[in-house]
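Visitor: need a structure here:
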Amino acid sequence: MTFDLKPGQEARPRGLGFGVKLEEVAEDSRCPQGVNCIWAGSVRVVLLLTVPGAEPVRAEVNTNRAPRAVRFEGHDVTLLRVLPPKVNGKDIAPGDYVITLSVSKKSDTGTR
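Guide: Numbering: from 1, shown residues only. Got it, this is the predicted structure:
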């Protein structure tokens with residue numbers, strides 16, 4: 001299952017039993033469009049993963065470097081995409097980011 005989040009937004013996808021909140025986009029080192037870079041760069045986001053009755057778990061995931069996913073409650077939460085694209089000479093306001101996450105159930109029963 002995939003879904004989008006903006007900073008401060010939380011999703012509680014049906015059937016998962018936990019919530020995912022985008023706390024912040026902590027780093028955006030992507031190469032701007034139209035610029036030749038040695039490295040494509042990466043985006044690092046901070047997620048809060050929550051289950052009822054427990055303290056939230058803070059996790060960081062990245063687009064182009066490890067970790068790209070976090071294991072939580074028997075699921076892998078993976079950062080797939082970050083919008084808008086970076087443009088040379090233009091800043092992205094924190095509230096303008098939208099991330100796409102994928103959540104997939106794993107067959108083992110490992111949690112958190």
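
Visitor: The residue of the chain most remote from its centre is in what secondary structure piece?
Guide: Each residue of the chain has a distance to the centre, and by CA atoms, centre = their mean the biggest one is for N36: 25.6 Å. Assigned by DSSP states H and E, N36 belongs to neither a helix nor a strand.

Visitor: So what's the residue count around the residue nearest to S29 when sequence neighbours are not counted?
Guide: Closest residue to S29 apart from its sequence neighbours, by CB to CB, 6 or more residues apart in numbering: G41 at 4.1 Å. C-betas here are computed from N, CA, C, even on glycine. Number of residues near G41 (other CB atoms under 10 Å) recorded here: 16.

Visitor: go on, A11?
Guide: A11 has 16 nearby residues by other CB under 10 Å.

Visitor: same deal with A26?
Guide: Neighbours of A26 (other CB under 10 Å): 11.

Visitor: and what of I99?
Guide: 22.

Visitor: Done for today, thanks.
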